[in-house]
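**Q** just a sequence and a predicted model for now, questions to come.
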Amino acid sequence: MKLSIIIPIYNEEESIKVLYQELKQVLNNLSFEYEIIAIDDGSTDNSNQIIREIAQQDYNFKTISFKRNFGQTAAMSAGIDASQGDIIIPMDADLQNNPADIPEFLEKVDQGFDVVSGWRVNRRDKLWTRKIPSWIANYLISLITKVKLHDYGCTMKAYKKEVIKDIRLYGEMHRFMPAYTAWHGAKVTEIPVNHRPRKYGQTKYSVFKTFRVILDLLTVKFLIDYSTKPMHFFGKIGYWLSFFGLISGCWALYLKIFKDIYFITTPLPLLTVFLILVGLQFILMGLLAEILTRTHYESQNKPIYSIKEKINF
Ligand code: UDP
Ligand code: MG
């Protein structure tokens, strides 16, 4: 068994060395082989220099340097793609996560879970700008993805290699990884972890960024429910709109024929045309989406299922 620790870094010069020491202490006490992968996400301070120095002395410490800042999701993806471990544990570089929690994650993986999510029970961040938005976000993510976790935002999580190697991440979507994996059939659990106040540097996220999560959530919801059958989504809306259009048309006719009320005196004809046109548009959009998803899956040879095991092939 081999362990890969993934650390996205964006301007964390003061924290890196301390984190490295802490990690070493914990990892050297484990009977695992390990690698630490530090991804410099286009830092403008001395972070890059520092990780390169460490890498020169320790060949289990590997570095990837981006040409510019691509964001935490991209940094984590790069680390995961390059990793060779059987268990992958991403964590923050700012010392807010505690490496001493690593053995507990491994224990849970050992018990058979594919994904172990950290839950910062005592989160040491600002209440109004970070904690409350994050509570709302976690509630909504759990509700919509139906994968109930208290803390999607905690970077520190453990994954078995098989469940995340093939996942492609976009935007700010590293948060949704547990939901994604669960949707592909992974067994997910969570454990409470330590959380420390940020000692050096500044947080890279503001309250506005937290709310972007809601938009990502819409994408995820769509992908989970309809990515292989978008016509069911768009078509349903199209049906309902056209149906209401027809009702309003019939009503207008009824008024005209039986009550002698002119078409022009009610908004019904306009509504009829509007609803039916928009409804048809939705159905056409569904057809386009069907074509797109076929291109998507077939061009990447992506199966629409995920297999757990094959025997005697
Ligand atoms: N990070 C990154 N690229 C970015 C933003 C953040 O690699 O564009 C890293 C950052 O250096 C840290 C981790 O992602 O290691 C989490 O960021 P931060 O601590 O600012 O988030 P918070 O703990 O405040 O939610
Ligand atoms: Mg942090």
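**A** Received the coordinates, thanks. Ligands and ions are numbered 1, 2, ... in the order given.
**Q** and the longest helix for this protein?
**A** Ordering each helix of the chain by length in residues (DSSP state H) puts helix 268-299 first.
**Q** name the helices or strands packed onto that helix?
**A** The helices and strands touching helix 268-299, judged by 3 or more C-beta pairs under 8 Å, 6 or more residues apart in numbering; DSSP states H and E, are helix 230-258. For the C-beta atoms, the positions are set from N, CA and C on the backbone; glycine is no exception.
**Q** give the buried residues for the helix it packs on.
**A** For helix 230-258, a neighbour-count test (16 or more other C-beta atoms under 10 Å) marks 230-231, 233-235, 237-238, 241-242, 244-245, 248-249, 252, 255-256 as buried.
**Q** run the chain-centre distance for it.
**A** 37 Å (C-alpha atoms, centre = their mean, to the nearest Å).
**Q** show me which residues of the stretch 51-200 of the chain are close to ligand 2?
**A** For the stretch 51-200 of the chain, the contact set with ligand 2 under C-beta under 5 Å from the ion comprises 92, 94, 96.
**Q** only whichever of those residues are buried, select them in ChimeraX.
**A** Only the buried members of those end up in this ChimeraX selection, burial being decided by 16+ other C-beta under 10 Å:
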select :92,94,96
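**Q** between the residues of the stretch 51-200 of the chain next to ligand 2, which is closest to residue 121?
**A** Taking C-beta to C-beta as the measure, residue 96 is the one of those closest to residue 121, at 13.5 Å.
**Q** contacts only, for the closest residue to that closest one other than its chain neighbours.
**A** Counting by C-beta to C-beta, 6 or more residues apart in numbering, residue 196 is the residue found nearest to residue 96 once chain neighbours are left out, at 5.4 Å. Counting by C-beta atoms under 8 Å, 6 or more residues apart in numbering, residue 196 touches 95-96, 98, 124.
**Q** buried ones from the residues you listed, can you make that a PyMOL selection?
**A** Restricted to the buried members of those, where burial is judged by 16+ other C-beta under 10 Å, the PyMOL selection command reads as follows:
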select buried, resi 95+96+98
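**Q** separation between the residue lying closest to residue 244 once chain neighbours are set aside and residue 142?
**A** The shortest distance from residue 244 to any residue that is not its chain neighbour, by C-beta to C-beta, 6+ apart, is 5.2 Å, and that residue is residue 275. Residue 275 sits 35 Å away from residue 142, taking C-beta to C-beta, to the nearest Å as the criterion.
**Q** local confidence estimate at the closest residue to residue 3 other than its chain neighbours?
**A** The shortest distance from residue 3 to any residue that is not its chain neighbour, by C-beta to C-beta, 6+ apart, is 4.2 Å, and that residue is residue 34. pLDDT, the model's per-residue confidence, is 97 for residue 34.
**Q** how about residue 211: what's its closest non-neighbour residue?
**A** With C-beta to C-beta, 6+ apart as the criterion, residue 211 has its nearest non-adjacent residue at 6.5 Å, and that residue is residue 133.
**Q** got the contact list for that neighbour?
**A** Residues 207, 210-211 are the ones in contact with residue 133 under the rule C-beta under 8 Å, 6+ apart.
**Q** relative to residue 94, how far out is it?
**A** Counting by C-beta to C-beta - residue 133 and residue 94 are separated by 19 Å.
**Q** equivalent analysis for residue 35, please.
**A** Counting by C-beta to C-beta, the gap from residue 35 to residue 94 is 21 Å.
**Q** do I have it right that residue 46 meets residue 13?
**A** Yes: proximity of residue 46 to residue 13 meets the contact threshold set by C-beta atoms under 8 Å, at 4.4 Å.
**Q** between residue 275 and residue 142, tell me which one has more neighbours.
**A** Under the neighbour definition other C-beta atoms under 10 Å, residue 275 and residue 142 were set side by side, and residue 275 has more, 20 against 15.
**Q** residues in contact with the more buried one?
**A** Applying C-beta under 8 Å, 6+ apart, one finds that residue 275 lies in contact with 241-242, 244-245, 248.
**Q** now those as CSV including distance to residue 62 and pLDDT?
**A** Rendered in CSV, the data for the contacts of residue 275 read as follows (distance: C-beta to C-beta, whole Å; pLDDT from 0 to 100):
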residue, distance to residue 62, pLDDT
241, 54, 98
242, 57, 98
244, 59, 98
245, 60, 98
248, 64, 97
